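[1] turn this into a structure:
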Amino acid sequence: MTSSPGHGRGAYAYARIGIETSAMSASPHQLIVMLFDGALMSIRTARLHLEEGHTTAKGEAIAKALDIVNSGLRAALDHERGADIAHQLDSLYEYIARRLIVANLNNDTVALDEAEHLLETIASAWREISPDRDPHAS
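    Residues are numbered from 1 along each chain as shown. Purely as a prediction, here's the structure:
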């Protein structure tokens with residue numbers, strides 16, 4: 001089965017609309033989960049490109065993860081209402097961003113793994129405090 005040259009663009013546009021629709025209808029909590037998911041997916045993509053020797057694609061994936069951490073997760077922190085926890089998360093996000101930069105510059109899988117592990121740990125905790133979560137569910 002062959003696909004037309006425009007098929008890939010159409011699928012991409014459809015996926016993009018789906019993501020934008022999800023984001024528009026998401027709660028603030030769900031938006032943060034989406035940011036975590038996007039950053040983690042970008043890190044995993046970067047790892048695959050690193051393993052395959054695709055330096056440019058690896059750099060682009062890490063840049064996307066960095067953008068999500070800095071312009072998404074860090075920017076979403078409420079320093080007035082969050083006080084100490086917001087400050088601690090800001091410091092942790094800054095550290096994760098530095099590890100991503102090291103991973104990119106040095107093709108350092110240990111730094112990439114550390115950034116992924118830290119983000120996954122925070123994301124897991126964030127999912128646990130979901131206002132939509134049934135406290136009686138196991």
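[2] low-confidence ranges in the protein?
    1-25, 132-138 (pLDDT under 70).
[3] in it, where's the longest helix?
    helix 79-106 (DSSP state H).
[4] list the buried residues of it.
    For helix 79-106, a neighbour-count test (16 or more other Cβ atoms under 10 Å) marks 86, 89, 92-93, 96-97, 99-104 as buried. All C-beta atoms are positioned from the backbone trio N, CA, C, and that covers glycine.
[5] same deal with stretch 106-121?
    By neighbour count on 16+ other Cβ under 10 Å, the buried set for stretch 106-121 is 108, 111-112, 114-116, 119.
[6] which residues touch stretch 67-77?
    Applying Cβ atoms under 8 Å, 6 or more residues apart in numbering, the contact partners of stretch 67-77 are 31-32, 35-36, 38-39, 42, 86, 89-90, 93-94, 96-97, 100, 119.
[7] what about the most centrally placed residue in the chain, helix or strand, and which?
    Residue closest to the average C-alpha location in the chain (Cα atoms, centre = their mean): A39, at 1.4 Å. Using DSSP states H and E, A39 falls within helix 28-52.
[8] mind giving me the packing neighbours of the very next helix or strand once past the longest helix of the chain?
    Next in sequence after helix 79-106, counting helices and strands by DSSP H and E, comes helix 109-128. Counting contacts by 3 or more Cβ pairs under 8 Å, 6 or more residues apart in numbering; DSSP states H and E, helix 109-128 is packed against helix 28-52, helix 79-106.
[9] a markdown table please, covering those and showing distance to A123.
    A markdown table is the format used below for the helices and strands packed on helix 109-128 (distance: least, Cβ to Cβ, whole Å):
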| stretch | distance to A123 |
| --- | --- |
| helix 28-52 | 4 |
| helix 79-106 | 12 |
